[in-house]
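K.L.:
Give the three-dimensional model of this entry:
(2 chains)
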Amino acid sequence: MSQNLQSVRGMNDILPAEAEFWELFETIVAERLKSYGYKPIRMPIVEPTPLFKRAIGEVTDIVEKEMYSFIDSLNGEPLTLRPEGTAGCVRAVIQHGLANQATQRLYYMGPMFRHERPQKGRYRQFHQIGVEAFGFAGPDVDAEQILLTARLWDDLGLEGIRLEINSLGQPEERARHRADLIAYLEQHQEVLDEDGKRRLYTNPLRILDSKNPALQDICAAAPKLIDYLGEASLAHFQGVQQILRDAGIPFVVNPRLVRGLDYYNLTVFEWVTDRLGAQGTVCAGGRYDGLVQQLGGRPTPACGFAMGVERLIALIRDAGGEPAPRGPDVYVVHQGEAATRLAFRVAEQLRDNGLDVILHCGGGSFKAQMKKADASGALYAVIIGDDEAASGDVQLKALRDPDVPQRRLAADRVAGCIIDQLVDTEEEES
RNA sequence: GCGACUGUAGCUCAGUUGGCAGAGCGCAGGAUUGUGAUUCCUGAUGUCGUGGGUUCGAGCCCCAUCAGUCGCCCCA
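P.N.:
Alright, predicted model coming up:
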């Protein structure tokens, strides 16, 4: 393989065999989202850099060291390849006043960019399907989105992913907890490992997540965010849990569940698997009531989540849920000038009747063409030689059923004949 | 960003103490010249990731670099 010309590290080609499955996956997800009233929206992949700094938070890892930011050399404008979708979606909602008169349920899909060290389930160009709801203040939308995802896993045949939820409360509640937590941890600085010291002032909540056994006692006794939540925050959290219980969706409350983006408040949730190694989160989201106003819009409550497409597809594949690729209905084999002309006419006729047809191109012996027909996965071969062309006939051969004999029939009748046989097979199967 | 492991044909991989580059699958052609999937025969694959170094000689040893995998970190 030449090393001169290759894709950027962490940015991958999705080749036909895989891309076909991606399309199917995206279709299943889009249909499910529409069934809950969500509408598609498409935003640019490039946004002004300040949008992400303001939305995600200046001191987050994403903004500090993972963004593909650059200056447009043609006009000096600072731009960034979007590292996530919510900021751009909120920007679009504000810019077009979408949430001013009505609530909005929106979804989008596409590539995101973060300059991380690639490994399985983590790429520099990766794909998310994002879902956002604007204008709903209550716990109902939070729960609805979780119900939606649970149903989606069912659609996709996914099992063994578990739901974790938590409440981050309101910013002031979180700030009081954070101050107390830092004060508490400062008293135990001598026990903190290097990681802990580094995170003490940047992301103290993450310290509670530490895998270091020496820290377990300290973490267990640390101030808990839930104790800082006011009545309204607790009621919201209980409201979400009530709907989940009513719907029979199992979940665990994980008090250590936090966010890497600053804009979240109240409900946060994650769907997690053990089967993907270190990158176990396949879907995550939560409420972000302050973001629309923070970015210059009217105060608008909002809630959303994103799915990692690569991770979900890896999970489906791991579970053997990837369907076998489907071939065309018909492969048309032909040899000779008159036969080729008839072949084009027959192929177009078959397509007029809604059949998927590959017309052999590039010549070759009947044997070679038949091999291609077989390899294409086609159900039928239509074979046309000089003999058939002379009388306006074709040979119809069933490639997947050796009991059906090859038949010679008039070119005009072949479409009807194939459709009849396809209908028969379908009836037998059902 | 840190650490460990890996990189040989389109794919999956073998390759001994440093001594001619290999297999299976796939691909192409053929087995009384108009028919696939089975079987048999024949054939083509390649900058051994890349660039240096050591050596009479490097796929193998050394250095660098790129890429992938796993863990840390982070996150969807």
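
K.L.:
Residue of chain A nearest RNA strand B, please.
P.N.:
In chain A, the residue that lies nearest RNA strand B is residue A:260 (1.7 Å; C-beta to the nearest atom of the strand). Any C-beta I mention is one placed from the backbone N, CA and C, and that applies to glycine too.

K.L.:
Over to that residue. Which of the three states is it?
P.N.:
coil (DSSP: H, G, I helix; E, B strand; the rest coil).

K.L.:
Let me know how buried the residue nearest to it when sequence neighbours are not counted is, in neighbour terms.
P.N.:
Nearest residue to residue A:260 in three dimensions, chain neighbours excluded: residue A:60, at 6.0 Å (C-beta to C-beta, 6 or more residues apart in numbering). For residue A:60, the count of nearby residues is 21 (other C-beta atoms under 10 Å).

K.L.:
measure residue A:60 to residue A:92 for me?
P.N.:
Residue A:60 is 22 Å from residue A:92, where distance means C-beta to C-beta, to the nearest Å.

K.L.:
cool, residue A:166 as well?
P.N.:
28 Å.

K.L.:
for residue A:327, same thing?
P.N.:
Between residue A:327 and residue A:92 the computed distance is 41 Å (C-beta to C-beta).

K.L.:
what do you get for residue A:322?
P.N.:
34 Å.

K.L.:
Likewise for residue A:26?
P.N.:
Relative to residue A:92, residue A:26 is positioned 20 Å away (C-beta to C-beta).

K.L.:
The two: who's more crowded?
P.N.:
Between residue A:26 and residue A:92, counted using other C-beta under 10 Å, the more crowded position is residue A:92 (17 against 14).

K.L.:
Now the residue most central in space within chain A. Nearest residue, chain neighbours left out?
P.N.:
Residue closest to the average C-alpha location in chain A (C-alpha atoms, centre = their mean): residue A:309, at 3.2 Å. Spatially, and ignoring its direct neighbours in sequence, residue A:309 is nearest to residue A:127 (3.9 Å; C-beta to C-beta, 6+ apart).

K.L.:
how far out from the middle of the chain is the helix or strand that neighbour falls within?
P.N.:
Per DSSP states H and E: residue A:127 is located in strand A:125-134. Centre-to-centre, strand A:125-134 and its host chain are 7 Å apart (C-alpha atoms, centre = their mean, to the nearest Å).

K.L.:
Assign the closest residue to residue A:202 other than its chain neighbours to helix, strand or coil.
P.N.:
Closest residue to residue A:202 apart from its sequence neighbours, by C-beta to C-beta, 6+ apart: residue A:59 at 6.2 Å. Recorded secondary structure, residue A:59: coil (three-state DSSP).

K.L.:
And the one 4 residues further on, by the same measure?
P.N.:
Secondary structure for residue A:63, judged by three-state DSSP, is helix.

K.L.:
Counting neighbours, what do you get for it?
P.N.:
Count around residue A:63 with other C-beta under 10 Å applied: 21.

K.L.:
residues touching it, list them.
P.N.:
Residues in contact with residue A:63 (C-beta atoms under 8 Å, 6 or more residues apart in numbering) are A:52, A:53, A:56, A:57.

K.L.:
and the gap between the nearest residue to the last one once chain neighbours are set aside and residue A:205?
P.N.:
Going back to what we said before, that points to residue A:57. Nearest residue to residue A:57, sequence neighbours excluded (C-beta to C-beta, 6+ apart): residue A:262, at 3.1 Å. In this structure, residue A:262 and residue A:205 are 12 Å apart, going by C-beta to C-beta.

K.L.:
What of residue A:67?
P.N.:
Going from residue A:67 to residue A:205 by C-beta to C-beta gives 22 Å.

K.L.:
What of residue A:33?
P.N.:
Counting by C-beta to C-beta, the gap from residue A:33 to residue A:205 is 31 Å.

K.L.:
What of residue A:372?
P.N.:
Applying C-beta to C-beta, the value for residue A:372 to residue A:205 is 59 Å.

K.L.:
Could you export the longest helix along chain A as CSV, CA atoms only?
P.N.:
Taking DSSP state H as the criterion, chain A has its longest helix at helix A:16-35. Taking Å, rounded to 0.1, in the frame of the first residue of the first chain, the C-alpha atoms of helix A:16-35 are listed here in CSV:
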residue,chain,number,x,y,z
PRO,A,16,-19.7,-0.3,0.2
ALA,A,17,-20.2,-3.4,2.2
GLU,A,18,-20.3,-1.3,5.4
ALA,A,19,-22.0,1.8,3.9
GLU,A,20,-24.9,-0.3,2.8
PHE,A,21,-25.5,-1.3,6.4
TRP,A,22,-25.0,2.3,7.5
GLU,A,23,-27.8,3.4,5.2
LEU,A,24,-30.1,0.7,6.6
PHE,A,25,-29.2,1.7,10.2
GLU,A,26,-29.9,5.4,9.5
THR,A,27,-33.2,4.5,7.9
ILE,A,28,-34.3,2.5,10.9
VAL,A,29,-33.3,5.3,13.3
ALA,A,30,-34.9,8.0,11.2
GLU,A,31,-38.2,6.2,11.0
ARG,A,32,-38.3,5.6,14.7
LEU,A,33,-37.5,9.3,15.4
LYS,A,34,-40.3,10.3,13.1
SER,A,35,-42.7,8.0,14.9
